[in-house]
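In: no FASTA, just this:
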């Protein structure tokens, strides 16, 4: 099914079975029309820089291919899917996804930017309401999201080594294919909800930023992919991973780490360069490195140590 917006044609999601158009009308940002419907697919026609919604199409489906996407809000353009989702998170169910054809201010860990050619990749955020994860153990959620994405990508790239670069980037063929930024909202000592901002390089083949080692699924496989299908599988794998026990999850995370047996690192505070293997990852995400020259082990938080590529 195709929908023309601003003179362009977009695929609305070939893997999502749309039964009928419920309504087409002007809808302001605060309108919660059809928000209570358990299977709603909403397409917003937004011009870049315009904070108002244009004409929208609201669809209901007999079912999604998977129950992992409780609600999908697809935007033409938005500054940040995570910021957008944060504004409506209180009324949205677990598994709500906000995706964007173009994201103008996507961000990564510690303020890093994320390059994504409009319409070529996946830029989306997913609302998660994990049960019983304490704030002190929130890295378990990061592990689940990273493992879920890695599992989905291995389906499409079966002959490629897909690994997790600490703390939660995804590498394929020793290059970065996915970035993740998780923001948690706490209630007492537990996580109330989390927003996982995810960028996956799907069909982009030309890179214009100074990112050191980007790669896309299309570059590795030699052909393009249906972004809607990839989105559905990634979300399904994340939800599945969250349903599994956390103890074996950590073991699988450790086994999936990129360069766990030895990489060259730089201490960002001192500038010292050394080679080390990954000894352990603590529940709070701190990484213990064991220098290969037998020196004392070192413990680092994210951004305190960098891999020299």
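Out: Sure, I can see it. Just so it is clear, the model here is predicted, and its values are computed rather than measured.
In: Please count neighbours and contacts with C-alpha atoms only from this point.
Out: Fine.
In: In contact with residue 144, which residues are there?
Out: Contact partners of residue 144, counting by Cα atoms under 8 Å, 6 or more residues apart in numbering, are 238, 241-242, 249.
In: can you do 10 Å?
Out: 150, 168, 237-244, 246, 249-250, 252-253 (Cα atoms under 10 Å, 6 or more residues apart in numbering).
In: How about residue 129?
Out: 93-95, 184-185, 191-195, 242.
In: Report the buried members of the contacts of residue 144.
Out: 150, 168, 237-239, 241-242, 246, 249-250, 253 (16 or more other Cα atoms under 10 Å).
In: which strand is the longest one in the protein?
Out: strand 175-187 (DSSP state E).
In: Which positions in that one come out as buried?
Out: Quick answer for strand 175-187 (16+ other Cα under 10 Å): 175-182, 184.
In: Look up the residues forming beta bridges with the most centrally placed residue in the chain.
Out: In the chain, the centroid-proximal residue (Cα atoms, centre = their mean) is residue 198; its distance is 2.0 Å. Judged by DSSP bridges, the bridge partners of residue 198 are residue 124, residue 180.
In: quick one, what contacts it?
Out: Contacts of residue 198 (Cα under 10 Å, 6+ apart): 81-82, 99, 106-108, 114, 122-126, 145-146, 149, 169, 178-182.
In: what's the answer for residue 253, then?
Out: 140, 142-144, 146-147, 163-164, 166, 168, 281.
In: for residue 137, same thing?
Out: 189-191, 282-285.
In: Make a ChimeraX selection of the buried ones in these.
Out: Per 16+ other Cα under 10 Å, the buried members of the contacts of residue 137 correspond to this ChimeraX selection:
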select :190,191,285
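In: Mark out where each domain of this structure begins and ends.
Out: Following automatic domain parsing, one gets these domains for the chain: 2-256, 263-307.
In: Drop anything exposed from the contacts of residue 198.
Out: Buried among the contacts of residue 198 by 16+ other Cα under 10 Å: 81-82, 99, 106-108, 114, 122-126, 145-146, 149, 169, 178-182.
In: Tabulate the domains of the chain (TSV), appending mean pLDDT.
Out: Listed next are these as TSV, based on pLDDT from 0 to 100:
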stretch	mean pLDDT
domain 2-256	77
domain 263-307	97
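In: Cool, thanks, talk later.
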